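Visitor: Fold the stuff below for me.
(2 chains)
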Amino acid sequence: MLSIYYGDMPEAIYNPARFFKNSYKDDWITDELSKQMIKDVDKSEVIGARVIDSPVLGGISPRELSGGVKTLIDIYKCPDKVFNASACGDNCAKWLIVLGNRMDITINLRHIMDFGEESFTIKILNTGQTVNSMDEMIPVAGMFVR
Amino acid sequence: MNGIHKITVSNSSVKYEFDIKRNITIIKGDSATGKTTLVEMIGEYYESGESSGINLVCDKSCRVLAGRDWSTLLLTIKDSIVFIDEDNDFMISDDFARMVRDSDNYYVIVTREGLPNLPYSVDEIYGIRSSGKYAGLFQAYHEFYHIYGDHTPDERVIPHTVMVEDSNSGYDFFKGLSDGKDYEVISAGGKSKIFTEILENKRDGSIVVIADGAAFGAEIDRISKLVGRRRDIVLFLPESFEWLILYSGVLKNRELEKIMKRPNDHIESRDYFSWERYFTHLLMEMTKDSYLKYSKNRLNPVYLHDGISQRIRENIRNIEL
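Guide: The predicted structure is shown next:
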């Protein structure tokens, strides 16, 4: 299940891109779900563990992936840690739902991410409430973040 | 610093072209749109100049601020456009806000988080998009777009409640306009309380929320997400109430006309943390020896006289006040 803590969270990893740079392993990149996230968010194709084809930047290494996709892979590969997912744009939101359907993960958000119009199940740790739509989420999240 | 500054930065893969229009600009939006690449290119050009392979054109020095020693570095940066990427948590600190206020730099900050210590405008929050055109054979062209568009309602709104950000002259004005009419004017007690006030409002009918757009940037995301899901709420976000008076033509002054056409050229970032403060100062200065003498805390009743209030109201489009 996906759980969110809104607002300042000192134990969360504020800079997930730096964590990724110093922690990722080859198999994080070649994992099937990682490849799908890279393809969807960065529009880039994983050629091999150390080479990714970006439509804008050309051949890049995993270190040059977007901050959003690095954060998604951090969350996927280190579910015991809490990352600042405000490093992710709204185009990462559906993948947070996918990850939350696969495993128990907790993220820290410092803004109101848009999870779209389909129903979902997310626990808001600040209040203990479970919300199923943006209509339910916004009034709760907006009390803790801007 | 004042004025509008055009920045063009490019390498063999990407080209960015945009204008920086006031002291604080925010960049946010989807992942993988090139925000970090932009900041990295600015930093690499500063370090190595043209030998970096990057071409940067701007009439001001462009710098990157990052890391634990940010405050020491910032003390040395003058008259520059300072870029800050989203992985720097100092941007939310009081110390950073104080240094921004006291400096003559412009700041471009990448963040999705609202920064309540900084008075930035709802109009200076941008995303980056690839325009689809190519500046060179293999060079993708990137430009800025407004994240939050025009809030003017498409159809005429008759409010049941008008919620004003504070209880100063602006509140007095809208309260005065409501005399003998069927709507109520309330104060939210500060811009950070508007979100809660909307949620707790139990009155029937439509709500018009009036706030100073020049300093509402930190609030706009949660407010627009809430308002976007409700048909009964309309936002009216002029730069400030004082701007509304100055823009209305109540004061006849050639210099004022020039200023209002392009305020950017007249507002010195070191002197005015936000445009809201500049327009208050300007209105007070321009009216100090006249019957229109303006005070921020309490409205001079002359602004409610028919001819004057009508001119001010003319700039509040599609809202029946």
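Visitor: helices and strands around the lowest-mean-pLDDT helix or strand in chain A, which ones?
Guide: Across the helices and strands of chain A, mean pLDDT, DSSP states H and E gives its lowest value to strand A:58-60, namely a mean of 92. Judged by 3 or more CB pairs under 8 Å, 6 or more residues apart in numbering or on different chains; DSSP states H and E, strand A:58-60 is in contact with strand A:51-54. Just so you know, the C-beta spots here come from the backbone N, C-alpha and C atoms, and that holds for glycine as well.
Visitor: Can you confirm whether the strand it packs on lies near chain B?
Guide: No. If you take CB under 8 Å from any CB of the partner chain as the test, strand A:51-54 misses chain B, and the best it gets is 8.8 Å.
Visitor: Quick one: list the elements packing against that strand.
Guide: helix A:32-42, strand A:45-48, strand A:58-60.
Visitor: Show me which residues of stretch B:284-302 are buried.
Guide: Residues B:286-287, B:292, B:294, B:296, B:299-300 are the ones in stretch B:284-302 that count as buried (16 or more other CB atoms under 10 Å in any protein chain shown).
Visitor: Which two of those have the greatest separation?
Guide: Checked with CB to CB, those reach their widest spread between B:Met286 and B:Leu299, with 16.2 Å between them.
Visitor: What parts of chain A come near chain B?
Guide: Counting by CB under 8 Å from any CB, the residues of chain A that sit close to chain B are A:14-15, A:17-18, A:41-43, A:56-58, A:66-69, A:86-92, A:110-112, A:114, A:134-135, A:138-139, A:141-143, A:145-146.
Visitor: And the strands in chain A?
Guide: Applying DSSP state E to chain A gives strands spanning A:2-6, A:45-48, A:51-54, A:58-60, A:83-84, A:105-109, A:122-124, A:129-131.
Visitor: List just the one of these that sits closest to B:Arg277.
Guide: Nearest to B:Arg277, of the strands of chain A and by CB to CB, is strand A:2-6 at 30.9 Å.
Visitor: Other residues contacting that closest one?
Guide: For strand A:2-6, the external contacting residues (CB atoms under 8 Å, 6 or more residues apart in numbering or on different chains) are A:12, A:82, A:85, A:96-97, A:99-101, A:104-110, A:120-126, A:141, A:144-145.
Visitor: Quick check: what element follows the lowest-mean-pLDDT helix or strand in chain B along the chain?
Guide: Counting by mean pLDDT, DSSP H and E, chain B has its least confident helix or strand at strand B:125-136, which shows a mean of 75. Counting by DSSP states H and E, the element after strand B:125-136 in chain order, helix or strand, is strand B:139-146.
Visitor: low-scoring stretches of the stretch 51-200 of chain B, by residue?
Guide: B:132-138 (pLDDT under 70).
Visitor: For whichever residue of it sits closest to chain A, give its distance to A:Cys88.
Guide: Closest residue of the stretch 51-200 of chain B to chain A, CB to the nearest CB: B:Gly114 (2.8 Å). Counting by CB to CB, to the nearest Å, the separation of B:Gly114 from A:Cys88 is 16 Å.
Visitor: Looking only at neighbour counts, state which of those two leads.
Guide: The residue with more neighbours, out of B:Gly114 and A:Cys88, is A:Cys88; 28 against 21, by other CB atoms under 10 Å in any protein chain shown.
Visitor: Surely the more buried one touches A:Asp114?
Guide: No. Contact between A:Cys88 and A:Asp114 fails when scored by CB atoms under 8 Å: they sit 11.1 Å apart.
Visitor: Output the helices and strands packed on strand A:51-54 in JSON lines; the columns should cover mean neighbour count and distance to B:Tyr148.
Guide: Below are those laid out as JSON lines (neighbours: other CB atoms under 10 Å in any protein chain shown; distance: least, CB to CB, whole Å):
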{"stretch": "helix A:32-42", "mean neighbour count": "18", "distance to B:Tyr148": "23"}
{"stretch": "strand A:45-48", "mean neighbour count": "14", "distance to B:Tyr148": "34"}
{"stretch": "strand A:58-60", "mean neighbour count": "13", "distance to B:Tyr148": "32"}
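Visitor: Would you convert the ones you listed into CSV that also reports distance to B:Lys21?
Guide: Converted to CSV, the helices and strands packed on strand A:51-54 look like this (distance: least, CB to CB, whole Å):
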stretch, distance to B:Lys21
helix A:32-42, 30
strand A:45-48, 38
strand A:58-60, 32
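Visitor: Nearest to B:Ile267, out of the ones you listed?
Guide: helix A:32-42 (38.6 Å).
Visitor: which strands and helices sit next to that closest one?
Guide: Under the contact criterion of 3+ CB pairs under 8 Å, 6+ apart, helix A:32-42 touches helix A:26-30, strand A:45-48, strand A:51-54, helix A:67-77, helix A:93-102.
Visitor: Pick the most buried one from these.
Guide: helix A:67-77 (a mean of 25; mean count of other CB atoms under 10 Å in any protein chain shown).
Visitor: Alpha carbons of it, in CSV - could you do that?
Guide: Below are the C-alpha coordinates for helix A:67-77, written out as CSV (Å, rounded to 0.1, in the frame of the first residue of the first chain):
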residue,chain,number,x,y,z
GLY,A,67,15.2,13.3,-10.9
GLY,A,68,11.7,11.9,-11.0
VAL,A,69,12.6,8.5,-12.4
LYS,A,70,15.6,8.2,-10.2
THR,A,71,13.3,8.7,-7.2
LEU,A,72,10.8,6.1,-8.5
ILE,A,73,13.6,3.6,-8.8
ASP,A,74,14.9,4.5,-5.3
ILE,A,75,11.4,3.9,-3.8
TYR,A,76,11.1,0.6,-5.8
LYS,A,77,14.5,-0.8,-4.8
